[in-house]
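Chemist: Provided below are the primary sequence and the corresponding predicted coordinates.
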Protein chains: 2
Amino acid sequence: MFDVMTWAKICPFPLSSPLLATAEESAASSETSTFILAAVLLSLVVIYVASKVGGELCARINLPPVLGELVGGVVVGVSALQLLVFPDSGAQAQDSLVIQFLQLTSNLTPETAEPVFETQSEVISVLSEIGVIILLFEIGLESDLQELIRVGPQAVIVAVVGVVAPFVAGTAGLVYIFGLPAVPAIFAGAALTATSIGITAKVLAELGQLSSKEGQIIIGAAVLDDVLGIVVLAVVASLVKTGEIQITNIVYLIISAGAFLVGAILLGRLLKPFYVGLVNEMQTRGQLILTALVFAFVLAYIATAIQLEGILGAFAAGLILAETEKRKELEELVVPVSDVFVPIFFVEVGARTDLGVLNPADPSNREGLIIATFLILVAIVGKIITGFAIWGKGELRKLAIGVGMIPRGEVGLVFAGVGAESGALSSATEAAIIMMVITTTFLAPPLLRVVLREPTPASEES
Amino acid sequence: MFDVMTWAKICPFPLSSPLLATAEESAASSETSTFILAAVLLSLVVIYVASKVGGELCARINLPPVLGELVGGVVVGVSALQLLVFPDSGAQAQDSLVIQFLQLTSNLTPETAEPVFETQSEVISVLSEIGVIILLFEIGLESDLQELIRVGPQAVIVAVVGVVAPFVAGTAGLVYIFGLPAVPAIFAGAALTATSIGITAKVLAELGQLSSKEGQIIIGAAVLDDVLGIVVLAVVASLVKTGEIQITNIVYLIISAGAFLVGAILLGRLLKPFYVGLVNEMQTRGQLILTALVFAFVLAYIATAIQLEGILGAFAAGLILAETEKRKELEELVVPVSDVFVPIFFVEVGARTDLGVLNPADPSNREGLIIATFLILVAIVGKIITGFAIWGKGELRKLAIGVGMIPRGEVGLVFAGVGAESGALSSATEAAIIMMVITTTFLAPPLLRVVLREPTPASEES
């Protein structure tokens, strides 16, 4: 509760001091908390409507819905409608249309509007961070360690080449061609690495190619890619936090990321029978989803405490629980929870994106546009070569494998969001990354259709 | 994001002014947001563990799990472990064990601890308020207007007598015997009204009496009771907000509560085909739960805007969607979401309860204990008479009907929470209400077993 009393207690500014400890103060406190709740509810309505309108429009034109959520966020955010704006990008209460609407429809005063706006923005930001944590938990739950091992060496080669090539080419290009400092260059290079498993799987399914040999290699490599991408993200984000690049630092982070993942999975295997037994013993509602979330949040906290990212812990928790007999049941329970939390993240990423920096009419923006062009080029070429990295097997459609790895999605956006939030990325670079995600995601479906050279019915099955 | 920059902007205190707009500031901002997320995650872990341990223990000894969540909250809250404390009850960052744990396990400094604690408490409070909204949405979804009409006049008499008798006797007694002011007396009287449909239904099921005539009347009356209780809550909460009791005020509120519910349901019926059509047309994940939540949040906002409580809007949204063909599907989707949000509310209510005020060793506490004794007496007698209010039908076990109406639960706790939050209830009265809820819930199962005079196997079926 960010009420007048605590406000007065922590901030020695004569905001409400004459009212302290009077009945009016108590009433004002209750009023403020009502306004905060109303502002959060309205923001959630804006977020959900934006995510669904954007998602549905994209689904109609055969594009991944996640792209629509992002574009929906751009539409309601700082670049367009200003329904969802954030104080840390310099916005005031009066810049937010939600707060203006509250002032119109209730007795919210301009003085109260500012703390209400601050608190509402903080709540939405935390909900969005919980959103990424739940998303990565779900991705972990849908990943399969056994399957990763089974798809074998080809998937490993595709994944490793597809991570290393764009990362190295992207980072080196940004540093040597564009003269960017090392940290943002590494961040942007890292954002080029992870193929979106969700988007790729959906595109392959739409083309009826999910069970082809190429399809299996792509899915296997994309799953591996996701893991690699998350390790890269954890490493890069920690680098940004400590502020410098040291080999010992990198080695420490790689070791701790690896040790954390391996340790969590080994410990998880030990605790698994205990976990399943505990859940089976429990008789009250919500026992499965709540124990799973407690597990995910604890691992997320441990990952944070050892300087990694919370999402890595959530992903590890998902991977571990995916190996229990509760996996299917848990997946079904996580879906609605994830549906409620995850759009907050994607819409917020879109809403925070100031597309104004990409307006070519402004000369100072040209740098961002040129970076975006470069990133898109590296993103596409860096993945297309992965198919040709596999040793000669004549009948494999190698171009198709590479093209199938092109779409970037969730993890790329996570990089953009985490990078911008940590202050590592300039808004031009952040917008360039989002442009890259949008472009690769837009391009992959039609390109895949061409290289797989099949009379595709493009039947919808969602 | 409650970061250093916005902090410095809104609070002209030399907290971080020398750092403004430097690289260190940006890094500090990212640090703060990481700490806030970590504090929220740890608080959620505490809440979930408390709710499950309490709920499971209660389930073992044949008591309703919701009671255990409340008691779990008391254990982790201000009365005992101090894991979950709130600044608006005077707590500082150093009083919170979660914050102390964060300081131990990470580099959180005492200066940063205070804003992190404030923001974490605000986020948990808002999540808890969203929890009640989702709970009331779910209760609405499980209610059935048609069934209410079918169980007929007997259920209506039981419900009306069971609301009016404890309310009038409780309020009058508190004003005339105990000399309480009108507003808290009305609030406490109103908290006596609503039978817990969840608890009652579970107890009846455990006794194998759900389909008996008495069982059907109890369930019908409890459903009606829930609606009446919510209207009473909305009326009382609005009274507290406007601060005085005027007949025109009461009439306005009753009319607006009634008009809102009736208007929402009529409008809902008009929009229902459109809603079902829209959901059926949608192709992306989460379309049903998100459109339902948007509907619930919009109605909750409208209810807030016309000075009613948000939960009334959420309940109306549930009642409306319960009449669509999507009801069953939606109920299944709401369950995990509700499992994630609702415990936050019950544990928070328990955590905010300072049981210290009920320590009989302190002479100043005796008032609270006497109030609790009085409330418990009125709560039991006021419901037992309802069975005898039904005109003579020899074979009906009238005592059993009255006893079946005794358990208070969710709605009573909502009264305690909303009342304490709005500042209307003294902590002694709030604790007395919670004592009443705990006692009636504890007493009802053994009492029901006695009055139904059956050799009950008391078999568990959850």
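Modeler: All right, it came through fine.
Chemist: other SSEs contacting whichever strand or helix holds A:Ala300?
Modeler: A:Ala300 is located in helix A:287-305, with elements delineated by DSSP states H and E. Contacts defined by 3 or more Cβ pairs under 8 Å, 6 or more residues apart in numbering or on different chains; DSSP states H and E place helix A:287-305 against helix A:110-142, helix A:247-281, helix A:310-322, helix A:327-352, helix B:23-60, helix B:327-352. All C-beta spots, glycine's among them, are computed from the backbone N, C-alpha and C.
Chemist: buried ones in that helix?
Modeler: Buried positions in helix A:287-305, judged by neighbour count with 16 or more other Cβ atoms under 10 Å in any protein chain shown: A:287-305.
Chemist: any idea how far it is from the chain center?
Modeler: 18 Å (Cα atoms, centre = their mean, to the nearest Å).
Chemist: next: stretch A:308-327.
Modeler: With Cα atoms, centre = their mean as the basis, stretch A:308-327 stands 16 Å off its chain's centre.
Chemist: return the set of buried residues in that stretch.
Modeler: Neighbour-count burial for stretch A:308-327 [16+ other Cβ under 10 Å]: A:308-322, A:324, A:326.
Chemist: with stretch A:257-268 instead?
Modeler: So stretch A:257-268, judged by 16+ other Cβ under 10 Å, has buried residues A:Ala257, A:Phe260, A:Leu261, A:Ala264, A:Gly268.
Chemist: closest one of those residues to A:Gly368?
Modeler: Nearest to A:Gly368 among these is A:Ala257, at 30.7 Å by Cβ to Cβ.
Chemist: quick one: that closest one and A:Leu312 touch, right?
Modeler: Yes - in this structure, A:Ala257 is within contact of A:Leu312 by Cβ atoms under 8 Å, at 6.7 Å.
Chemist: coming back round to it: pull the CA atoms of the helix holding A:Ala300 into CSV?
Modeler: What follows is helix A:287-305, C-alpha atoms only, in CSV (Å, rounded to 0.1, in the frame of the first residue of the first chain):
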residue,chain,number,x,y,z
GLN,A,287,-1.3,-28.3,-4.6
LEU,A,288,0.4,-29.1,-7.9
ILE,A,289,0.6,-25.6,-9.4
LEU,A,290,1.6,-23.9,-6.1
THR,A,291,4.4,-26.4,-5.2
ALA,A,292,5.7,-26.0,-8.8
LEU,A,293,5.7,-22.3,-8.5
VAL,A,294,7.4,-22.4,-5.1
PHE,A,295,10.0,-24.6,-6.7
ALA,A,296,10.4,-22.2,-9.7
PHE,A,297,10.5,-19.1,-7.5
VAL,A,298,13.1,-20.6,-5.1
LEU,A,299,15.4,-21.6,-8.0
ALA,A,300,14.8,-18.2,-9.6
TYR,A,301,15.8,-16.6,-6.3
ILE,A,302,18.9,-18.7,-5.9
ALA,A,303,19.9,-17.9,-9.5
THR,A,304,19.5,-14.2,-8.7
ALA,A,305,21.5,-14.6,-5.5
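Chemist: any residue of stretch A:107-120 touching chain B?
Modeler: Yes - counting by Cβ under 8 Å from any Cβ of the partner chain, chain B has neighbours in stretch A:107-120: A:Glu114, A:Pro115, A:Glu118, A:Thr119.
Chemist: excluding residues flanking it in the chain, which one is nearest the first one?
Modeler: For A:Glu114, the nearest residue in space outside its immediate sequence neighbours is A:Ala93; the separation is 4.7 Å by Cβ to Cβ, 6 or more residues apart in numbering or on different chains.
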